[in-house]
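Trainee: model this:
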Amino acid sequence: MKKINLIIAIAFLTILSAKSFGQLRPIGEPKQHVLSPYVKVANMAVDAKYEKNPCGIAISWLGKVALSFYNKNQKASVYVWNSISDFEKNSSIKIKLVDENGNEETELYNPESLTFMPDETLVVTETSGNETGLVVYKMVNGVYKRQLFNKYRFINLGFNNPRGVIAIDNTHVLLADDDNNQIWKIDITNIDGKDGVVIPKDQRFNNPKAVTTDGKYIAVSFWNGFVNFYDMNYKQVGEPVAINGSPLDLCFGIGGAYVTVLNSSNGNVIKHLFNNGTSFSLSPTIYGAQSNLDTPYGLATNGTTMYISNAGPNKIAKLINSGVLYKMMVPSKKQKDLKLSNGGDKLPL
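Mentor: Numbers count the residues shown, from 1 in each chain. Reported below is the predicted structural model:
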């Protein structure tokens, strides 16, 4: 009887110890933190009559979906659908983009990244042409109308080749300034304010391509093979994560962060970076190595499905949540109900 009681006590202490770390830990090598939260890749066709090379993708809190196309014609190269359902069906019913006079938008040059503000305002980075910067559209009478800033159609405070952009509150975005190797914080309602560079140039890291946040951490991808994480005060968290390849877009999803990677030894893929409690590490989980991911660019998630703009074949790939998650990975009901923006990014509450 004493032996049985001793066994029960040991088992209880083992479970208690495991719970103190947030989950039960199996005997042997702990693989639970690298399970694949998203498992199935399927391609979804995109209408490429006028546009090609789908690039940036964003999902708003209310479920709108915006998709940018990286090409050099002057036709408006951003589509906006009212819902994820319309997006998946590639519905011809889209929200129009117009200029400040209400005419069809025809002046976008290579829009790359985009994000929705909490009020559904759409912010787009324009990355080539003589005029580059942030272009802002507000919903007015059922269309997205371009805003003017000091009589200009875009915002540029001195950045060069703006790439990734993500909303961080009701009025501010973070912007990856590629050629200047820095990250800006910008108030899109007051460009004459005091905001500016919040993550300055670091000689170790070149050409930031994307920036994203989940409200607790900020992630930045650098073309020379690193992803860095910061807290919301812009202090670096942990060590830089070396990526085998050239990282592009980022998003936070179930079980950590995800990054599109070109030119890796596995090809062009999606890689998973998991949060071990104090920092982020590269998981051995790789998506797309055995599928048709030709040139994965943008990422977005609504919490259950991750969408990938697959530029090469002009298609959208999607990763479906497998449902096989450990307890510490399962988001709360509150998190599940959130609509996430620009590459799966949960805006601060």
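
Trainee: which helix or which strand is home to the nearest residue to Asp177 once chain neighbours are set aside?
Mentor: Distance criterion C-beta to C-beta, 6 or more residues apart in numbering; nearest residue to Asp177, sequence neighbours excluded, is Phe159 at 3.9 Å. Backbone N, C-alpha and C define where each C-beta goes, glycine included. Of the helices and strands defined by DSSP states H and E, none includes Phe159.

Trainee: and if you look at Ser85?
Mentor: Assignment of secondary structure by DSSP H and E places Ser85 within helix 84-88.

Trainee: report the buried residues of that helix.
Mentor: 84, 86-87 (16 or more other C-beta atoms under 10 Å).

Trainee: OK, contacts around Asn233?
Mentor: By C-beta atoms under 8 Å, 6 or more residues apart in numbering, no residues touch Asn233.

Trainee: these two touch, right, the residue nearest to Asp177 and Asn181?
Mentor: No: using C-beta atoms under 8 Å, Phe159 is not in contact with Asn181, being 10.6 Å away.

Trainee: which of these two has more neighbours?
Mentor: Applying other C-beta atoms under 10 Å to Phe159 and Asn181 shows that Phe159 carries more neighbours, namely 23 against 19.

Trainee: need the per-residue pLDDT for that one.
Mentor: On the pLDDT scale, Phe159 is placed at 85.

Trainee: what sits against it?
Mentor: Phe159 sits next to 133, 175, 177, 180, 184 when contact means C-beta under 8 Å, 6+ apart.

Trainee: doesn't the last one lie inside a strand?
Mentor: Yes: if the criterion is DSSP: H, G, I helix; E, B strand; the rest coil, then Trp184 is within a strand.

Trainee: what stretches of the stretch 1-150 of the chain score poorly on pLDDT?
Mentor: By pLDDT under 70, the low-scoring segments of the stretch 1-150 of the chain are 1-41, 46-51, 71-76, 128-131.

Trainee: now with 80?
Mentor: 1-52, 70-76, 109, 128-131, 150 (pLDDT under 80).

Trainee: what about the helices in it?
Mentor: For the stretch 1-150 of the chain, the helices defined by DSSP state H, counting those that start in this stretch occupy 2-20, 84-88.

Trainee: what of the stretch 201-349 of the chain?
Mentor: Using DSSP H, counting those that start in this stretch, the helices found in the stretch 201-349 of the chain span residues 333-336.

Trainee: contact partners of the helix holding Ser85?
Mentor: Helix 84-88 has contacts (C-beta under 8 Å, 6+ apart) with 44, 59, 63, 65, 67, 81, 93-94, 302.

Trainee: okay, Lys339: pLDDT?
Mentor: Lys339 carries a pLDDT value of 30.

Trainee: next: Gly288.
Mentor: Looking at Gly288, its pLDDT reads 79.

Trainee: what pairs with the residue nearest to it when sequence neighbours are not counted across the strands?
Mentor: Among residues not flanking Gly288 along the chain, Val269 sits closest, at 4.4 Å (C-beta to C-beta, 6+ apart). For Val269, the beta-bridge partners under DSSP bridges are Val261.
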